[in-house]
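Colleague: A predicted structure for the sequence below; I have some questions about it.
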Amino acid sequence: MTESQPSGQPASDSTSQEALSEALNDERSKIDPQLIVVMIGTVLLICALAAYPLFDTAEHPAILAMLAALCLGTPVTWNTIRGMMGYESQDQHTEALVMLAFLGSFASARYLEAAAIALFMYFASLIVHRTATGARRTIESLMRVSPKRANRLKEDGSEEDTLATELNPGDRVMVRPGDQVPCDGRVLSGSSSLDEKYITGESHPVDKSTSDQVFAGSINLTGVLEIEVEKPLAESTLGRVQALILDAANHKTPVAQMLDRFSGYYMPVILCLAAIVLFFTQDMSQVISLLLIACPMEIIISGPLAAVASLSAAARLGVLIKNVTDIEVARNLTAIVFDKTGTLTTGNLAVTRLFPAPGTDPADLLSLAASLEQLSRHPVARAVVAISEKAQVELTDVEDFEEVAGRGVRGIYQGRKVMAGRESWIRESGVEVPEGLLDEIGSMSVLMLAEEGRCLGWIGLSDQTRVGADIALEELNELGIHQRIMVTGDRTGPAQQTAQALNLTGMVAEALPGDKLDIVRQLKERGHTVAVIGDGVNDGPALAAADISVAMGAAGSDVAINAASIALMNSQLNRLPFLVRLSRATSRVIRQNIVFVMLYILTMLILLGFGYVTPLIAAISHGVSSIVVIFNSARLIRQGEDLPLLEDLERTRSAQAATPTRRVQTMPVVGAGMAPSAG
C-alpha cells in the first residue's frame, strides 16, 4: 500500500479488519459487565416492590429501591458522561436527556420511579446496540472468512504449513478440497469448483482450471489445485472489499448528517421547554416525563441502522457500495448509460471469420493481427490471441507499439507499418478498402487490418448477450428508468442487434471515449440523475461525471474497484434493479421512522398535557417506540434474499432452451457524439 491514500480510503486493509473486530468486541465487553450490574439492580428492584406490603413504614423498602436505582442508573450515567467526554460514539444528546430524567427522579427521592426509568431505558439502549451489531453480522462474517493458514510448496516439492499473511507473490500453494484459497492467484495445475460467495456474491460454485484466476477466501469444493500467489493477502480482492465496506459503514448518509445537526439544536430547546413546564407546574414528574418523551434516540438511530442494514444486504450479493451517500442517490436514477462489451454482453468474444483481401494469406493475416494485438488487453485482442494460440500461429514481436483509445493499435511488424482497428479509423488513415470486401460482415464485430497503406482484410468476431440482461433491463424500465442508452465503439450492425434484443431506448455506435462523457453531460443537463455502467477501466471520465458509477465484474480488478463508486463483484445485471430497490426501500424506511417518531412525540405530549402520562409510562412507551424503529430498519437486511433463487430459475431456463430474441420496434440509431432521445 502506498503512503498516500485516496480521500475516504482506509489506511490499510489489515487495520480496517482489526478496527471492525475491535469495535464489535468493545461493544460486547462494554455491555456485558454493565448487564451484571443491571441484573443486580433488577433483583433489588423486585425485592423493593415485594417489601413495601411487608413493612408498616416505607423506610426499609426505600433503601432497597435507592440501591436498585443506583445500580440501574449507573450504566446510563456512566455511558452519558463518557459520551460527553468523547470516549463513546453514541449520541450524547439522547443519553443526556435520559440521564437528566433519572437524576431528577433520584433527587426527588422517587427511587422506584428512578429505578424503573433506568431499567427500561437501559434495555431500550441494549436492544439498539444488539440490533446494530446484528445488522453488521454480514460484514463481520466477511471479515472472518480471511484465510489463516496455507500449504506452501518448497522448491523440492514438499509442503510446509505457514500463515496466509506470510505468502508472497511467486509462492506456490497447494489447496485441497475443503481448504480456503489463501491468496489471489492463478491455477498452475488441477481443476476444481470453488465457492466464491463471500467475494462475488455468486451462489453457485464456479469451475476453475489451469490459468484461471482465484480469490482469497474462496472455498475449494472438489479437486486439488496448485496455485501461484499473485498478491499478498492484505492486497487481495477480499482484503480490499473488507476495507471498503468497513469504510462505507463508518460514513453517514445525508439524512443522518441532517439529523445529527438537528439533534444539536434539539436538546437546548427541550431543556428550555422542561424549565418552562417546571416553572408553571412545579411538578417534577411532568418534567421527567417530558424529557423521556422528547428523547430523540429513535430518530438518531434510524439513519445509521438502516444504512448498515443496506450495506450488509448489498455485500451479501456481491454489491460493494463504497459510500453510503450513493444509497440515497440511487433511488432517484432516471437514466443509465451502458457499455456494450463485457457489460450487456459477456465480453467473451470469439473469432468467427477470417476474410483476407485478395493477395493476402489467411495465416499471415492471423499472425499479423495476433502479433499486433498481443500487447493489448482489449477483449478483441484477447479473442484474436486466443484463436492464434489454438491455431499454433507463430507470433512476432512488434516495435513502436501504440494503442489509440477507441480506435485500434499500430506498430512496426517485420519492418513494415501495420495497424488493426475499426473500419472508420483505417479509412481515416488513408487506406482504401476494396469494393465488396465488407459485403459479408452481417452483424459481426470487425477488426480490420492494414499494412503500409494497403488493406489486408478483416477478422469477424461475435459476442453473446448476458443471460438475464433482458429481464434486468425490463425491471429497470418498470422502476421508472426510461433512459437506457448503450454507448459502444462497435459497428452499428452488432450494436443495433444488441440494442433491439434488450429493448434499449437509445444507442450510440462507433463511439469514441469522449462521446460517452458527452452523453452523460447532455443527460444531466436535461435534469436526469445518471448512472454509468462499465468495466471501470476505459470509462474513467464518464464514470467521474455520472451521479453514480458502477463497475461490472470487479472481483480481481483493483482498477475497477477504485474507479467506480459502486462495484459489482460479479457480472449479474440483476444487481442493478436490486440496487435501485434497496435504495428506495432504505429511504422509505428512514422516512417511515421519522414520521412515526414525530407522531409518537406529538401524541405523548398531548397526553402529558392532560395528565395521562407518568414517568414510568413515558419510559415504557419510549422503549416500545425504539423497538418499532429498530425492527423497521433491520428488516432491510433481508432485501434481495430471493435473488439467488431467481438466478437458479434463470439458469434452468437458459439450459433448457436459448432465450428467444424479443422483437421490438426499431429505435433511432444516433451517431457518435449525438445526443440520445429526450425523455
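Modeller: Thanks, I have it.
Colleague: Glu113 reaches Pro615, doesn't it?
Modeller: Yes. If you go by CB atoms under 8 Å, Glu113 and Pro615 touch, sitting 5.3 Å apart. All C-beta atoms are positioned from the backbone trio N, CA, C, and that covers glycine.
Colleague: Arg491 against Ala509, yeah?
Modeller: Yes. Between Arg491 and Ala509 a contact is recorded at 6.5 Å, counting by CB under 8 Å.
Colleague: Could you check which of the two is surrounded by more residues?
Modeller: Using other CB atoms under 10 Å, the more surrounded residue of Arg491 and Ala509 is Ala509, with 22 against 19.
Colleague: Tell me the predicted confidence for the more buried one.
Modeller: On pLDDT, Ala509 comes in at 89.
Colleague: Please determine how far it is located from Pro61.
Modeller: Distance, Ala509 to Pro61, by CB to CB, to the nearest Å: 86 Å.
Colleague: how distant is stretch 184-196 from the center of its chain?
Modeller: Here the centre of stretch 184-196 is set off from its chain's centre by 25 Å, with CA atoms, centre = their mean, to the nearest Å.
Colleague: actually stretch 541-557, not the one I wrote
Modeller: 12 Å.
Colleague: Just the CA atoms of that stretch, as CSV, please.
Modeller: Presented in CSV, the C-alpha positions along stretch 541-557 are these (Å, rounded to 0.1, in the frame of the first residue of the first chain):
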residue,chain,number,x,y,z
PRO,A,541,-14.1,10.4,-17.5
ALA,A,542,-17.7,9.2,-17.9
LEU,A,543,-17.6,7.4,-14.6
ALA,A,544,-16.4,10.5,-12.9
ALA,A,545,-19.1,12.7,-14.5
ALA,A,546,-22.0,10.4,-13.6
ASP,A,547,-24.0,10.7,-10.4
ILE,A,548,-23.3,7.1,-9.7
SER,A,549,-20.7,4.9,-11.4
VAL,A,550,-20.9,1.1,-11.4
ALA,A,551,-18.1,-1.3,-12.4
MET,A,552,-19.1,-4.7,-13.6
GLY,A,553,-17.2,-7.9,-12.6
ALA,A,554,-14.9,-6.0,-10.3
ALA,A,555,-13.6,-9.1,-8.5
GLY,A,556,-9.8,-9.3,-9.0
SER,A,557,-9.6,-5.8,-10.6
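Colleague: mean confidence score for that stretch?
Modeller: For stretch 541-557, mean pLDDT rounds to 78.
Colleague: Number the chain from 35, please
Modeller: Got it, the first residue is 35 from now on, which makes the last one we talked about stretch 575-591.
Colleague: circling back: which neighbours do Glu147 and Pro649 share?
Modeller: Shared contacts of Glu147 and Pro649, defined by CB atoms under 8 Å, 6 or more residues apart in numbering, comprise 139, 319, 322.
Colleague: Filter those down to the buried ones.
Modeller: 139, 319, 322 (16 or more other CB atoms under 10 Å).
Colleague: got the contact list for Gly464?
Modeller: Gly464 neighbours (CB under 8 Å, 6+ apart): Gly487.
Colleague: Grab the CA positions of stretch 528-543 and hand them over as PDB.
Modeller: Taking Å, rounded to 0.1, in the frame of the first residue of the first chain, the C-alpha atoms of stretch 528-543 are listed here in PDB:
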ATOM      1  CA  PRO A 528     -23.900  -5.600 -34.000                       C
ATOM      2  CA  ALA A 529     -24.700  -2.700 -31.700                       C
ATOM      3  CA  GLN A 530     -28.200  -2.400 -33.300                       C
ATOM      4  CA  GLN A 531     -28.800  -6.100 -32.800                       C
ATOM      5  CA  THR A 532     -27.900  -5.900 -29.100                       C
ATOM      6  CA  ALA A 533     -30.000  -2.800 -28.600                       C
ATOM      7  CA  GLN A 534     -33.100  -4.300 -30.200                       C
ATOM      8  CA  ALA A 535     -32.700  -7.500 -28.200                       C
ATOM      9  CA  LEU A 536     -32.600  -5.600 -24.900                       C
ATOM     10  CA  ASN A 537     -35.200  -3.000 -25.800                       C
ATOM     11  CA  LEU A 538     -32.900  -0.100 -25.200                       C
ATOM     12  CA  THR A 539     -34.200   3.400 -25.700                       C
ATOM     13  CA  GLY A 540     -31.100   4.800 -27.300                       C
ATOM     14  CA  MET A 541     -27.800   3.800 -28.900                       C
ATOM     15  CA  VAL A 542     -24.500   5.400 -29.900                       C
ATOM     16  CA  ALA A 543     -22.400   3.200 -32.200                       C
END
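Colleague: Could you look up the next helix or strand downstream of the lowest-mean-pLDDT helix or strand in the chain?
Modeller: Lowest mean confidence among the helices and strands of the chain (mean pLDDT, DSSP states H and E): helix 171-178, at a mean of 55. Proceeding N to C from helix 171-178, the next assigned helix or strand is strand 183-187, under DSSP states H and E.
Colleague: Burial check on Arg436, number of neighbours?
Modeller: Quick fix: residue 436 is Glu, not Arg. Count around Glu436 with other CB under 10 Å applied: 11.
Colleague: Identify the residues contacting the helix or strand encompassing it?
Modeller: According to DSSP H and E, Glu436 maps onto strand 432-438. Residues outside strand 432-438 that contact it (CB under 8 Å, 6+ apart) are 405-406, 408-410, 412, 443-447, 452, 455, 459.
Colleague: ok so, going back, can I get the shared contacts of Glu147 and Pro649 in JSON lines with distance to Ser422 and pLDDT?
Modeller: JSON lines is the format used below for the shared contacts of Glu147 and Pro649 (distance: CB to CB, whole Å; pLDDT from 0 to 100):
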{"residue": "Ser139", "distance to Ser422": "84", "pLDDT": "83"}
{"residue": "Ser319", "distance to Ser422": "87", "pLDDT": "87"}
{"residue": "Ile322", "distance to Ser422": "82", "pLDDT": "87"}
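Colleague: now, which of those lie within helices?
Modeller: By the criterion of DSSP state H, membership of the shared contacts of Glu147 and Pro649 in helices covers 139, 319, 322.
Colleague: Next, the contact list for the first one, please.
Modeller: Yep, that's Ser139 we're talking about. Counting by CB under 8 Å, 6+ apart, Ser139 touches 103, 145, 147-148, 151, 318, 322, 649.
Colleague: Quick check: closest non-adjacent residue to it.
Modeller: Excluding the flanking residues, the one nearest Ser139 by CB to CB, 6 or more residues apart in numbering is Ala148, at 3.6 Å.
Colleague: cool, and the last one?
Modeller: Spatial nearest neighbour of Ile322, excluding adjacent residues (CB to CB, 6+ apart): Pro649 at 4.3 Å.
Colleague: ok, that neighbour to Glu466 distance?
Modeller: Going from Pro649 to Glu466 by CB to CB gives 93 Å.
Colleague: ok, these two, which is more surrounded?
Modeller: Pro649 (27 against 11).
Colleague: got a pLDDT number for that one?
Modeller: Model confidence at Pro649, given as pLDDT, is 87.
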